[in-house]
Structure formats: C-alpha cells, structure tokens
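S.K.: Sequence plus the predicted model coming up.
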Protein chains: 2
Amino acid sequence: MSTEEHALELIERVRSKPPRFEDAQITMAHGAGGKASRALVEGLLAPALGVQELDDAASVGDLALTTDSFVVQPIRFPGGSIGELAVNGTVNDLAVSGARPLALTLSLVLEEGLGSNELRAEVEAIAAAAAVAGVSVVAGDTKVVERGSCDAMYITTTGLGRFDPRANLSPRSLEPGDRILVSGSLGDHGTAVMLARGEFELAAPVESDTQSLWPAVDALLDAAGSSLRAMRDATRGGVATVLNELARTSSVAIVVREAQVPVRPAVVGACEILGIDPMYVANEGKLVAFVAPEAAAGALAALQRVPGCEAAAEIGEVKTDPPGMVLVETAFGGRRVMDMLVGDPLPRIC
Amino acid sequence: MSTEEHALELIERVRSKPPRFEDAQITMAHGAGGKASRALVEGLLAPALGVQELDDAASVGDLALTTDSFVVQPIRFPGGSIGELAVNGTVNDLAVSGARPLALTLSLVLEEGLGSNELRAEVEAIAAAAAVAGVSVVAGDTKVVERGSCDAMYITTTGLGRFDPRANLSPRSLEPGDRILVSGSLGDHGTAVMLARGEFELAAPVESDTQSLWPAVDALLDAAGSSLRAMRDATRGGVATVLNELARTSSVAIVVREAQVPVRPAVVGACEILGIDPMYVANEGKLVAFVAPEAAAGALAALQRVPGCEAAAEIGEVKTDPPGMVLVETAFGGRRVMDMLVGDPLPRIC
C-alpha cells in the first residue's frame, strides 16, 4: 500500500462513521453547508425528529416539497437580491429533484424600521422571479421583529412541485463511468455577495448567477431521460460539497479534472485574493448532473443550448476507488483529495 | 337616523375602501395581525405579487398549503415553546381551512451562540407536537446568523394538507342567523407569553393553549357537515380580528354576547391590569366556527366532547345590519363596536 493509499484509507475510515453532534453551541459553520452542517442535521436534527435524513426536497405521493430560509447580507448585490434568491433557491431544489415547480409559499420576517420601498422592491423581485420560473405565490405570512432583531428581512419560501415522469433520479444510483456535468461557470454567486460587502478592497465585475434551473433540468430530462442518475444545485458549500455528498451516498469515487472546470477569470482572481477555492463557493443557478456515459454527450449538448448554460461542461467521472471520496486531477497531473467544506469562509451568502 | 346609526354608517363607509399602504417604514403594528397588517398585505404584498389576496392557506388542487414564521419571545413560556407553536400554528391553519394535515417542512434561522441543548429541546418539542398532530416533518433547512442578528431562533413551518370531502367552507358564506362558536376559553396564549416576559410585576397561573385543532375540526365536520360555514383559528389579533374579517368578507353584521364569552378568571384579571381586552389577545389552540342555526346545538355538543375543548361556547350570532361590523352586547345591555386590532399591544406572541 502506497503512502497515498494509506492516507486515503485512514480518511475513509473516519468518514464512514455516523456524524455526531457534540458542540455545545451553534456556530456560523453550522450554517455553511459543509461538515458542521452535516453533523447538525444528521447528528441532532434528524435523530431528534425521528427521521432517517432531512432531505432538501421530500416526496409526498407524486409531489415534492422543499423549504429554505434566506438570510443573505447585503440583501441586494450585483446580479440579484434576497427576494430573487428566495424564489430561485427553492424552485431549484425542486428542479434538481426532478420535480416541476408549481407553487410557492412566502414567509417574511421583517425588521422594524425597514423602509417600505426596500420591502416593495423585494416583493416585486419575488413576483418577477416567480413569473420567470412559472410558479405562483399562493400563501404567505409576515412577522415583524424589533429593530436589531434581524437584518432588514429574512425570507422563507417553500416550494411544491410535481415529479416529472421522465425522471428516475437517486443519489444512490451513481455508477463507475458516469460523467459529471456542471451547467455553467462556478463560484459567481458567493463571490459577488462577498465583494458586495465591501470588506475587501477589491472590485471585480462579478454578478450572482441566480436563476431558475428548471429549463436546464427540463433539457437534461429530455436528452438523457433515465440515464440521468442524479442532480444537485451547488449552493452552500459549492460543487465540492455536492460531489462529496454523492460520492458518500453512492459509495463511489469521483475524479474531477480541474482544467475542465469552468470558472470566470474575475472569479478566479477574486477567489485567489480571498484565499478561497471556487469549488467551495456557492452558486445559485448552477447544477451538477451525473449522467450515464452513453448519454453524456447528448446531455451536455442539450444543456449548452439552454439560455444561461452556454458554459456547461463535463468536469469529471465516477470511479470505483476509493469509495466515498472526491479527488482532483490538477492541470499539472497531480492528484489531491477535495474534502467537504470545513468552517465558514463565506457566511450568509444565501 | 339615530346618532349611533349615523356613527356606524360613517365607520362603514371608511372601512369599505380598499386599504392603502402609505407608511414609509415597517412598524411592529404591521406584524400584529390587525389593521396595519391588513394594509400591508392588501395594500403592498398582494398587489406587488399580482394576486387578489394572500390567504393563510391556499388550495393547489385538492391540497392545502400554508406557511407561518414564528418569532415568539421568550422561546419557552408556561404551557409551550416556539417549537410546539411552530407545529400547531401551521397545522391549525390547515385544519380551519378544512384540510387534514399531512406533512410539514421546517426551516430554522439560528443565532450564533445558541446553546445546543436549547436547540435540541425545541427540535424535540417539534417532534412531539408533530406526533400528536399526526404529521411528518419531511424537509428542512437551517441557517445561522451572527450573534445579535436574531433572538435565539426563528422557525418557519409550511404545512401540506388534503381538503376533507365533508368540508364546504367559505368566508363568504356567512348568513344571518348563523351561530358563532368558540372552542374554549380565550386569551390564554397571549397572556401567558406576556406574563412570561416578566415585564409586569404580575404572576398569574396562565398557560398557553397551544394544541392541534384538527380533532376539534374533525368533530365539527362530523357533527355539522356542510352546515359548517367557516372556521378560523384566533391567533394574532384574537377573536375580535377574526370576527371583523369575516363580517367584512361576508358583508354581514356579527353580534357577540359578552357574557357568553369564555375567559379564565386569571386571564380576565391579567388583561384588566394590562389594559387589554381578551377578545384581542392571541390564542394558539382555539377556533371560531360559524354554523347554520339548525346544526349549532349539535356542533357545540360535539365540540365540547373533544379533549381541550370542554369550555366551548356559543358566543353570538350573524345578523344583517350593519354589514361588515362587529357589535358587542355587554352584560349590562349596552352595545359597542368591536373594531379590528389597532397597533400592537402584545408584540411577538407567535
């Protein structure tokens, strides 16, 4: 056994244990979508609720149900705002589950003193995004908390969708040889929000990619049908976290070819300065799709014809060993482990 | 025209106008469930979303969908806690719409530094309340915000239910002669939370009434069937606000006989000291039902047999004039207008 193989085996042994939640307090990392989030969900929430897992989107008969809260700061940023995000984020959780979005509910927690014009702008952003995504906002609630008890507004949307009969998706269905597609350039959203905070003396022309992914999913289902194994939208924790989750769930290895990952030059530059790998940065309009090898080329071509997905690319392949792990082949021919996100380098980006 | 009739006509003329939203900022009153909330929803949210009204529970085919955020302070209080409230509040919105609760989604906004034990206690409260209400928690989300950016935790639940074929409910269906039932004593929840804050040097043995109302609804549907015109759970703004909304929607008058309204002595006492009318105080496990006269006695008897509804009572009747108004007949034979809640005397009670 080589040193590398030995290291991989050690990592694998640690990772196959069920996660425990032993922290005394909640930290920002528990909201980051990475390791700590997983420990919170699988080690505390799911056991306390008496469920096996708490999925992003659950099935109730032929219907899909999903919910998300949005606490992004600032509430407006280049390319989008919290209202638009609250629609697309929830619509996308339905879409990547193979469910056509039908209806949304909308719950607002507003800060006392919030300007009515700011609120109106977000509600209009919600209406516009819902119209583009083809969903209706059917029910709602509003609460107000004292000044200082929230940051302008927090929005929770819940989405109801109907599973598409073309879809036969499962995070357990990945097989060696499957190809990995992404629907466009990575890291735009998280980078745009981070730059919008103005904490770094850095200006770069980066806009959030927030958009509905149903058109992309629709195209993939048409092109690949049941050869489409699984999809995920790569939000908190980025593509790296999505790949780790699926490698683990399907007990397969995943190899990513770094040179094929589409990232805009401005995002590469900003991430380099911030010391962040774009693979861990949140996207709000990008999916990762796993497709059987014979259907991959057709699926990629179909994806690239969808507006907003022109930069879609095949970035890697599913392998057998080491199961549960994600490896990156660098442009220089090296290989390294790409683990789940640890800590929270980009807090409150959604 | 008597002075009283003249005054009523004036009030009616003002109230028949569509509400406008002209406030420059959000205030606590916009979250109180009364007049300001109505102006926010009907004057800003609904028009901006391009919908006629934003219902508590909406129908999607034969399914009902409803959402609510919970920001109650403190998060634990005599008789319940935010987690239990988050389940029952949403389950009850379904129930009074005539929909049997099936599934819930759960979204948490957690404050950095929140004790894990506090979180675990609330998640266990959610699990316990869901088990009692017969619903599953099927999907969830967790966000974390920095210390000070929320108060311990805010919870948003969304409920999916199926409309019961026995139900033929509409807030527009009230007819003169209909009887008004309440499912038990009023004002317990809001009073309990207010006292739990310790802002008043007042100790009274008052507990929240938080409970699932589906058993009460089930009993009413069995006893009254399509003679059951409409139901509402009397949360923010209390029974007074519910009666005003329905009087307006059905263009009928409502007369409440004050002497018949069940209120616990401890609540009467506390509300007197706080200067609040229990009819405006939030309940979290009480409904108001409108029943055709011939079915009223049977419906009331059925309700009183439901555990937790022993104190159910008939408190008044639907009349023709003045349309859109709620009048109270006092124990001394007087009559006064009971308007919608103005301002927010009891902030953040749910």
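M.R.: Right, received. Where do you want to start? Numbers count the residues shown, from 1 in each chain, chains lettered A, B, ... in the order given.

S.K.: for chain B, what are the nearby residues on the stretch 201-350 of chain A?
M.R.: Residues of the stretch 201-350 of chain A lying close to chain B by Cβ under 8 Å from any Cβ of the partner chain are A:Pro347, A:Arg348, A:Cys350. Just so you know, the C-beta spots here come from the backbone N, C-alpha and C atoms, and that holds for glycine as well.

S.K.: can you pick the most crowded of those?
M.R.: A:Cys350 (26 neighbours; other Cβ atoms under 10 Å in any protein chain shown).

S.K.: hang on, that one in a strand?
M.R.: No: judged by DSSP: H, G, I helix; E, B strand; the rest coil, A:Cys350 forms no part of a strand; its state is coil.

S.K.: Would you confirm that it contacts A:Gly89?
M.R.: Yes: contact criterion Cβ atoms under 8 Å: A:Cys350 and A:Gly89 qualify, at 6.3 Å.

S.K.: Would you mind listing the residues touching both of these two?
M.R.: In terms of Cβ atoms under 8 Å, 6 or more residues apart in numbering or on different chains, A:Cys350 and A:Gly89 are both contacted by the residues A:Asp68, A:Phe70, A:Thr235, A:Glu284.

S.K.: if we can go back for a sec, quick one: which of the residues of the stretch 201-350 of chain A next to chain B is nearest chain B?
M.R.: For these, the residue nearest chain B by Cβ to the nearest Cβ is A:Arg348; the value is 6.6 Å.

S.K.: Could you double-check that the closest one lies in contact with A:Val71?
M.R.: Yes: the pair A:Arg348 / A:Val71 is scored as a contact, 5.5 Å apart, by Cβ under 8 Å.

S.K.: Packing partners of the longest strand anywhere in chain A?
M.R.: Criterion DSSP state E: the longest strand present in chain A is strand A:99-111. For strand A:99-111, the elements it packs on are helix A:82-96, helix A:116-133, strand A:136-145, strand A:153-163, helix A:214-224, strand B:57-60, strand B:63-70, strand B:153-163, judged by 3 or more Cβ pairs under 8 Å, 6 or more residues apart in numbering or on different chains; DSSP states H and E.

S.K.: Strand partners (parallel or antiparallel) of the helix or strand containing A:Met231?
M.R.: Secondary structure assigned from DSSP states H and E places A:Met231 in strand A:228-233. Strand A:228-233 pairs in its sheet with strand A:287-291 (antiparallel), by DSSP bridges.

S.K.: residues making contact with the partner strand?
M.R.: Residues contacting strand A:287-291 (Cβ under 8 Å, 6+ apart): A:92, A:95-96, A:173-174, A:178-183, A:213, A:216-217, A:220, A:224, A:227-234, A:239, A:242-243, A:246, A:299, A:303, A:318.

S.K.: Quick check on A:Ala299: phi, psi?
M.R.: phi -60, psi -40 (degrees, to the nearest 10).

S.K.: count of residues packed around it?
M.R.: With other Cβ under 10 Å as criterion, A:Ala299 counts 26.

S.K.: Which one of the helices and strands packed on strand A:99-111 lies nearest to B:Glu112?
M.R.: strand B:153-163 (11.2 Å; Cβ to Cβ).

S.K.: quick one: is that closest one near chain A?
M.R.: Yes: under the criterion of Cβ under 8 Å from any Cβ, strand B:153-163 makes contact with chain A via B:Tyr154, B:Thr156, B:Thr158, B:Leu160.

S.K.: The last one and B:Gly61 touch, don't they?
M.R.: No: with contacts defined as Cβ under 8 Å, B:Leu160 does not count as touching B:Gly61, sitting 11.3 Å away.

S.K.: neighbour count winner among these two?
M.R.: Under the criterion of other Cβ under 10 Å, the comparison of B:Leu160 against B:Gly61 puts B:Leu160 first, with 28 against 12.

S.K.: can you list the domain ranges for chain A.
M.R.: As assigned by automatic domain parsing, chain A contains the domains A:55-163, A:179-337.

S.K.: quick one, which of those is packed in tightest?
M.R.: Among the domains of chain A, ranked by average contacts under mean count of other Cβ atoms under 10 Å in any protein chain shown, first place goes to domain A:55-163 (a mean of 23).

S.K.: ok now stretch A:104-122, how far from the chain's centre?
M.R.: Centroid separation for stretch A:104-122 versus its chain: 25 Å, with Cα atoms, centre = their mean, to the nearest Å.

S.K.: got it, and stretch A:111-131?
M.R.: Counting by Cα atoms, centre = their mean, stretch A:111-131 comes out at 24 Å from the chain centroid.

S.K.: State the mean pLDDT of it.
M.R.: Averaged over stretch A:111-131, pLDDT sits at 97.
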